[in-house]
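Q: Curious how this folds, go ahead:
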Amino acid sequence: MKTVTKNNIEQNLKEATSSLLELARNSCWNKISDNTSYIISEIKNDVPNRTERKKANDKKKPKPLEKITTELKAFYENLYDINLYIFKSEKESTIIEIQYYPKSSLESDFYETVKSNEPMLHCKIGLPHYRKNDTEKFDVNWELGGIRHEWNNFLGKIRFKIYEYKYLKRKRMRNKNVG
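A: Below you'll find the model as predicted:
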């Protein structure tokens, strides 16, 4: 987490972008391009699901960081939190989604305690629930869906069912031995 001032917002976003790309390269098997463009989204209290977010983002035209920075500066005083995610990565380009949470969406009591605070800046990467372990690399574009995601999702459900079956079987055996 890093706090951001109005004067250093663009530099902080550049540094955060580098950190995000490095995080993705360490976690994903895809080639992650340094050729970045950005889209911007407000974080709403009623969280849209993955497909709704994808539909909304697909309609947005990616912009260079300078234009996004200008947009963020326009309502800087109302920024509470800024999060960078990779929306889509292809061989030749990476689209980064900058999600922001406005102070005006906070509870009034909490707003009073943070109204003069600088916004926080985070880099995040979504983790698919079907990963076997923390070292398993995954598709950076898994949130966009597709056949590979559906297949991995299916395999993850089967692995869970097998685990659940074995767990219940061991539990029954323990109870049988105790009784």
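Q: show me where pLDDT drops low in this protein?
A: Counting by pLDDT under 70, the chain contains low-confidence residues at 1-2, 47-48, 145-154, 178-179.
Q: Test my guess that residue 76 contacts residue 10.
A: No. With contact defined as Cβ atoms under 8 Å, residue 76 does not reach residue 10; the gap is 11.7 Å. Glycine gets a C-beta too; all of them are placed from N, C-alpha and C.
Q: Ramachandran coordinates for the residue nearest to residue 119 when sequence neighbours are not counted?
A: Leaving aside its sequence neighbours, residue 119 sits nearest to residue 79 (Cβ to Cβ, 6 or more residues apart in numbering; 3.8 Å). Dihedral pair for residue 79: phi -80, psi 130, per degrees, to the nearest 10.
Q: could you list every residue that touches residue 79?
A: Residue 79 sits next to 4, 72, 100-103, 119 when contact means Cβ atoms under 8 Å, 6 or more residues apart in numbering.
Q: for it, which residues make a bridge with it?
A: residue 102 (DSSP bridges).
Q: Next: residue 138.
A: Going by DSSP bridges, residue 138 forms beta bridges with residue 28.
Q: for residue 122, same thing?
A: Listed by DSSP bridges, the beta-bridge partners for residue 122 are residue 83.
Q: just to revisit the earlier point, tell me the one among the contacts of residue 79 nearest to residue 66.
A: Of all those, residue 72 has the smallest distance to residue 66: 10.9 Å, by Cβ to Cβ.
Q: next one: phi and psi at the residue lying closest to that closest one once chain neighbours are set aside?
A: What sits nearest to residue 72 in space, not counting adjacent residues and going by Cβ to Cβ, 6+ apart, is residue 9, at 6.1 Å. Phi and psi for residue 9, reported as degrees, to the nearest 10, are phi -60, psi -40.
Q: and the longest helix for the protein?
A: Assignment by DSSP state H gives helix 147-178 as the longest helix of the chain.
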